[in-house]
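Asks: okay, structure incoming, though there's no sequence with it:
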């Protein structure tokens, strides 16, 4: 596991900082949660700056609340811009969702109605964010457990319109596609076939859990275990449609040993190298 990977990295969490600095695992890059480093200093930020000397680092956020009706949180954005200036991340991302109402964060990533009105609303906010940060951002498809009857677009068509009109990129979460397709009853392959491939700049892989509600199994995007075989299969399929994309293994709770995370990354890299990629489709 000492050879350096070319495309695959891991989500780096604080308990692994020291080990990463000491052992320098061969992952291609690392991703951290932006909000964990919004202070003016401290040990965690200092260690991240040291890690950044050895690895490309991307910033992945959870609190931009791009779909909210609230005004954008300019204090949050100022802290993010300061972090960007310090770290110079290779990518910056957040979720295509809403997570605040009346100025209160609800600590969840909630879906939007997929309508032209929502497209216009989200596009304007993304453009404001990108102008303020002076950087392009990527938007991630979330895992969903409900959907709006008012929706007039599919999720992938909604994403296509937002990306085309805002100039942002896509972080495609394969686990979220699998979870949402199981919960909402759609075909995950059809989702992949219609996503705008030229705008996908990053892929996420993760594990999920499940619960039973009213006698029905619901999949939960929990990030607390290894990627399951069915999601690996969907990843292979995604590569065939999208081509080889930089990929991150996410694991946020019940955190395993760093070696386990790196083994997941090596598995993803092997799939990226070995999967046949047909002639590129555009769109």
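Replies: Perfect, I can see it now. Note that this is a predicted model, so its numbers are computed, not measured.

Asks: ok so residue 217 is a strand residue?
Replies: Yes: assessed with DSSP: H, G, I helix; E, B strand; the rest coil, residue 217 lies in a strand.

Asks: ok, it touching residue 209?
Replies: No: contact criterion C-beta atoms under 8 Å: residue 217 and residue 209 do not qualify, at 10.7 Å. Just so you know, the C-beta spots here come from the backbone N, C-alpha and C atoms, and that holds for glycine as well.

Asks: so between those two, which is more surrounded?
Replies: Neighbours were counted for residue 217 and for residue 209 using other C-beta atoms under 10 Å; residue 209 has more, 15 against 10.

Asks: where do the helices sit along the chain?
Replies: 17-23, 43-52, 74-87, 116-133, 155-166, 174-184, 188-194, 229-242, 258-274 (DSSP state H).

Asks: quick one: average pLDDT of the fourth one?
Replies: Spelled out, it's helix 116-133. Here helix 116-133 scores 99 as its mean pLDDT.

Asks: list the helices and strands it packs on?
Replies: helix 74-87, helix 155-166 (3 or more C-beta pairs under 8 Å, 6 or more residues apart in numbering; DSSP states H and E).

Asks: what's the most buried one of those helices?
Replies: helix 155-166 (a mean of 20; mean count of other C-beta atoms under 10 Å).

Asks: output the contacting helices and strands for that helix.
Replies: Helix 155-166 packs on helix 116-133, strand 138-140, strand 169-173, helix 188-194, going by 3+ C-beta pairs under 8 Å, 6+ apart.

Asks: need the phi and psi values for residue 225.
Replies: phi -160, psi 180 (degrees, to the nearest 10).

Asks: which residues touch it?
Replies: 207, 208, 209, 251, 254 (C-beta atoms under 8 Å, 6 or more residues apart in numbering).
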